[in-house]
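Enquirer: Show me the folded form of this:
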Amino acid sequence: MLIAPISWINYEQSDQWLNLWIQAAFNLGMAVFFLMVVYGLREINAKAPDTKAIQSVAILMLTSFGVFLPIFYTSVFLAFESGMLTHHQIVQIPDKAALLFAGGAGAVATFLSQLEKIRGRPRAGEKVKSSAKKHRKVL
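Expert: Modelled structure (predicted):
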């Protein structure tokens, strides 16, 4: 998480620290790395409510600031390089827009992760629990 501000600093300095393509590759690599960390966190089977809360907050923070924020800045970089945005238009994008995008996308990812657990869908390597026996007893 200490290297994540490099993207923001380079963005604020109009790509004077790092070349645009190096920054975009760095951002995408960082997003993939943090996405793998999030998938690892999702595989932890937390049973206690406080552990589930910590897990959810960790997933929210990592997806927001480790995955979606670098993707936002990379999309702005690539839109500028392709000519879709001008430097003047990029300067007018407030920092709140990047945080709103990253936070909102991270919140949706965290919600969907927890919804999958609530629904009881099996994860990779887990056996599907048969509910046929439960239905026979009820009938």
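
Enquirer: longest helix of this protein?
Expert: Across the chain, the longest stretch assigned as helix under DSSP state H is helix 95-119.

Enquirer: Check the gap between residue 42 and residue 62 for me.
Expert: Distance of residue 42 to residue 62, computed by CB to CB, to the nearest Å: 11 Å. For the C-beta atoms, the positions are set from N, CA and C on the backbone; glycine is no exception.

Enquirer: Name the residue closest to the centre of the protein, please.
Expert: With distances taken as CA atoms, centre = their mean, residue 63 lies nearest the centre of the chain, 2.3 Å away.

Enquirer: Please name the residues that touch that residue.
Expert: By CB atoms under 8 Å, 6 or more residues apart in numbering, the contact set of residue 63 is 34, 35, 38, 105, 106, 109, 110.

Enquirer: Show the model's pLDDT score for it.
Expert: Residue 63 is assigned a pLDDT of 89 by the prediction.
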